[in-house]
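Q: got a sequence here, can you build the structure:
(chains A and B)
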Amino acid sequence: MSRVLLKFSFQFSGYIRHSSALSHTVIMTRTNLFHFPQRSFADDEKSRLPRLNEFGNVENKSKEVFLTVINGYDVREVHKRNHVEFIYGALKQMKDFGVERDLEVYKAIVNVMPKGRFVPRNFLQAEFMHFPKQQICIMHLLEQMEDNGVIPDAELGELLVNIIGERGYAVRRFMRMMYWMPKFSKLSPWPLPTEVPREPFDLAMLAVKRITSVDPSTVISVFSTRDVEDSIDDTWIISGQSPVQQELLASHNKKSPVYIEGAFRIWLRKSSVYYFVLRGDPRPPPDPVETDFDDVSSFSAGNIFRPPVSEVAVQPSVHEQEDGVFYAVCCTGSSGKDSLLSWVRLMQKTNPILGEVPILFKFSSPNRDIVTTDGKNMDGGDQSKTDSQKQDDETAGGNR
Amino acid sequence: MNSLNKCCYISNKLFKYTRVPRSIHTTSCALSKSDVDVHEDKPSSASAEVKGKVKEPFIKNLFAGLFDTEMLVYPEYKTREELVSAIDRVAPIKDFFVHVNDSKAIDEEAKIPDSVLAFMRENNVFGSIISKQFQGTDLEKKEYMQLIEAVGVDSSVSNLLFNHSVITNAFLLYGNDSQKEKYLPRLGSGEWNFAYAFNEKISGIDIMDIAVTAKPMADKKWSLTGSKMWVANADRADFFLVVAKTWDHKVEDSMAAKTTFFIVDKTLNGIKVGEPLQQLGSKGISICNVTFEDTVVSEEDILGNIGDGYDIAVNSMSKGKLAKSASRLGLLKKLADMVSEYTIQTKISKLPLHKYEMCRYNLGRIMSDIYSIESLVYLIAGNQDDFDTFDSILEELAADIYSLETSFDVIQRCIDIIGPQTVLKDSPLERILRDSYSYLLHDLIPTDVKKIYVTTNGLQRAGKVAHEEIKKARNPLNFPMFTLKSFVKFDNALREDPKLTGELRQMVHPALGADADKLEHCLIRFEYIVKEMMRRWGKELLDRQYELINLSNYATSMLVMTAVLARASRSYCIGLQNADMERVLCSALCHQHHQKVKRIFDDLNDGPIETGRAVFLKIGEDAPNNKGYFFSHAVSRNY
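A: Residues are numbered from 1 along each chain as shown, chains lettered A, B, ... in the order given. Next up, the predicted model:
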């Protein structure tokens, strides 16, 4: 009987219905139903009501200060009044303090919650989301962690268990995060450090390394434009070229030009780097060799000196693509035309053919602002978005 | 008395030839059998009769699904006198290398003393394979092998001799009359030393990319430029045999490049021989880099024709490979004696070492490995003697590969027995261990390449015979009946205990019947696996090096089984000393090789994915992209 009742209640309970397939998005829609508190609590000094915007009037925004404010609340509010509102306020301010990727801070925020009070006493309570407001608050916090790529640890889990018990929804979410996030963090074949270097040179080095990873034999060399006689810029050049590319360049048809194209943009976490490529016109693919693989009547007797190669045409290298043959890649400190000229001069030492072929510069500005997902760059982004949208609309209209 | 001894063996042999010989497999092409002399009782006429006979290549036929049952008749000296005279001729050389020659001194001084060379000249060692026309001694193969075996106890000298034989073979096979007239007698007498300038950058040679070039000049002269690496014996040589890139036309098109051998006098201009390089082992024979700078060679000094370079290299280097196995045999025998002596002298817990089981096992394996190499060498050598033409390059290579791999096994077992003393400076085993790696420099062809050569040659034969069948098998939907029939046909090969014809069993002593059946089992499966590989990969099989190498291992194992069976059967029939032991050893060896062959069969038949080989291939592909070991450290954490 109780089983039937339970099933019934499961079907009609809004939270539980989705909990069987507790996908991220489902939880999201649920949590979004809960609005941030709009009403302002008393902000004046004398009021004994807790202040909503405790972080707002701090001048020196740093991690220490942030932790001090949290600690202040913790000490002051013995009964943890309005801790949910406090946490929402803290979450909102984290980015301004530059602590949105700091696990320690998240733990400090969670620690504000009273322990033991929200732990359900039986399974019914557990399944029907005991203290939903508090749990949803924690889930918001976890979500923000996830958005920022902060992987929780066991200590945070222990805190959560102490606050909402082992069967809490937020704990379940925490567990899912613990399962997936470390896995995702190591999935990329081109791993990057958690914090990419701020120095442009180091960042550009990372970018070139990533771009040239298609050919492991690539040699990355660092030049300085000072080595070129009449260069105007004084900057560095990171150039990547593999021996295969050198050979390809040496066999370039001298009548057709080579292009220096750019600037293209490569993203490394939240930073972007501009790079340029040295490209030639595409080459026709090798003629397919018709081989009857079924015919074994004429095996060529083993060449004793080198491994036998079947009569399949040699595959073109990775540098020969449909849109061109890529001879080299570079990043420069200034991304200016002059530094690229210096690059060509410097490359000429190892690739003498560059002195004999016409070189064309094809610059396309990458500077059209890119729409980012966070609200900050929305202004610029909106502009470009509307432009392109307009274009789309026009073409669409024409079609009609 | 002698003939009485052999009576049993001969009757067995005779028995065979009364039957109508036919191939044990039902393939379309039947092996044309050549008759070995049946008239054992008239030995004087026997050799004359046999010469002029043709023997089909053994391994190539295996690939085509044919087994030459004659190979199970172990070749022997026709008379006792021949045997005794051969032993007498080799005896002084054997004695010299056991008692007089000081391998340790050669190793320390990094030089073969003149006294050793003088002794070898006196005994005509250098002229062993040169025909009498050119003042050589033209030994029988069996006798030559015994001689090499005697010399083999010293690695430096045997490498020198091998080097010499490669050169001699090149002249014998490709020299024109005047060249033969000029060089062979002096090569045979040991008066002139040659060095084989062949290696560049990597072991062996990339025929597409030879750095040494010969440019044609006016009045039929050629100018050589470039450098050769690791030339053995270069500092003592009077002549070099250089392989160089040449062009017919003036245009230096890499596709039109040809390879040509030049005989280069060391006294010519522009030749620079570098300092001898430091080596691990075989220090008696020096290794130098040689540079040629506009060395002018006349056209008479071209060996063979322009463009023959590849053939000369292959044939001259593969031809004498059996001698390599023989020299290893000599070394291993010496090693076995040493280790046996050691186990008698050493005591552990008051018991001599050989009383312990592991030591006995290791000793037993050492002896049996040597036994199998010996059987193999003299089986091939004997057949070369008995037949005028026997295309045995593959067999020689297989023997070479097998002896090389087995010799490392043997050395490893010796190390297991002797223990830490191995690596001490004065230990003789330490020197042998170092010397054993000198094959890397002196073999000229890497082992894997040899194996691939064996298989591709075999497949060439197999493909010729079975290409129609393979074409059908690769298009099963176009030939449904054929496909269904082939299921039935190969069902036997895939069974654990297939039906056997028992033809091989009849070729050996009945006591070895079970072992002959094992060989037949291997044969039936080999025919299947070769066809299956061709069916699975088609022409692409040439690129599947793993498959090629393992097919070669398979064939080699069968050759070893054949050799051991033939030898043990003969010994048992005529009752040689320890023949009983040979019989059981033969069973043991056949079992081992049978197991090995089964493993190879399963591995190849299951394919790369099921056996996990595909994973290794993938990792091997990723490793260069990641520039090394790329797994996370064992202790790393993710959060």
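
Q: low-confidence ranges in the chain?
A: Went with chain A since none was named. Applying pLDDT under 70 to chain A flags the ranges A:1-53, A:289, A:301-314, A:365-400.

Q: sorry, should have said chain B
A: Those would be B:1-52, B:202-209, B:248-257, if you go by pLDDT under 70 across chain B.

Q: could you list the domains of it?
A: Residue ranges of the domains in chain B are recorded as B:326-444, B:448-622, according to the TED database.

Q: just the helices in the stretch 251-400 of chain A please.
A: A:337-348, A:378-399 (DSSP state H, counting those that start in this stretch).

Q: coming back round to it: the domains of chain B: which one's closest to A:Leu340?
A: Evaluated over those, closeness to A:Leu340 peaks at domain B:448-622, with 34.3 Å, by Cβ to Cβ. Using the backbone N, CA and C atoms, a C-beta is placed for each residue, glycine as well.

Q: what helix or strand does the residue nearest in space to the middle of chain B sit in?
A: For chain B, the residue nearest the mean C-alpha position is B:Asp400 (2.2 Å; Cα atoms, centre = their mean). Using DSSP states H and E, B:Asp400 sits within helix B:393-418.

Q: what's the first helix or strand after that helix?
A: helix B:428-436.

Q: report the contact partners of the closest residue to B:Tyr174 other than its chain neighbours.
A: Distances taken as Cβ to Cβ, 6 or more residues apart in numbering or on different chains place B:Gly304 nearest to B:Tyr174, at 3.8 Å, with adjacent residues excluded. Residues near B:Gly304 by Cβ atoms under 8 Å, 6 or more residues apart in numbering or on different chains: B:Tyr174, B:Gly175, B:Thr260, B:Phe261, B:Asp311, B:Ile312.

Q: now do the contacts for the residue lying closest to B:Leu379 once chain neighbours are set aside.
A: Counting by Cβ to Cβ, 6+ apart, B:Ala563 is the residue found nearest to B:Leu379 once chain neighbours are left out, at 4.3 Å. The contact partners of B:Ala563, by Cβ under 8 Å, 6+ apart, come to B:Ser372, B:Ser375, B:Leu376, B:Leu379, B:Ile380.

Q: helix or strand: which one has B:Ala563?
A: Going by DSSP H and E, B:Ala563 is part of helix B:545-574.

Q: one more: B:Thr456?
A: helix B:447-474.

Q: what comes up buried for that helix?
A: Across helix B:447-474, burial judged by 16 or more other Cβ atoms under 10 Å in any protein chain shown covers B:447, B:449-463, B:465-467, B:469-474.

Q: the helix or strand just after that helix and chain A, any residue contact?
A: Using DSSP H and E, the helix or strand that follows helix B:447-474 towards the C-terminus is helix B:480-494. No. Helix B:480-494 is not in contact with chain A by Cβ under 8 Å from any Cβ of the partner chain; minimum separation 13.6 Å.

Q: which strands or helices does the helix or strand following helix B:480-494 pack on?
A: On the C-terminal side of helix B:480-494, the closest following helix or strand by DSSP H and E is helix B:513-537. Packing partners of helix B:513-537 (3 or more Cβ pairs under 8 Å, 6 or more residues apart in numbering or on different chains; DSSP states H and E): helix B:58-63, helix B:447-474, helix B:480-494, helix B:545-574, helix B:579-610.

Q: swap in 7 Å and give it another go.
A: Counting contacts by 3 or more Cβ pairs under 7 Å, 6 or more residues apart in numbering or on different chains; DSSP states H and E, helix B:513-537 is packed against helix B:447-474, helix B:480-494, helix B:545-574, helix B:579-610.

Q: quick check: which of these is buried the most?
A: Burial of those is given as mean neighbour count (mean count of other Cβ atoms under 10 Å in any protein chain shown); helix B:545-574 ranks first at a mean of 24.

Q: return the distance of that one from the chain's centre.
A: 13 Å (Cα atoms, centre = their mean, to the nearest Å).

Q: what's the angle from it to helix B:393-418?
A: Calculated by axes from the mean of the first three to the mean of the last three Cα atoms, to 10 degrees, helix B:545-574 forms an angle of 80 degrees with helix B:393-418.
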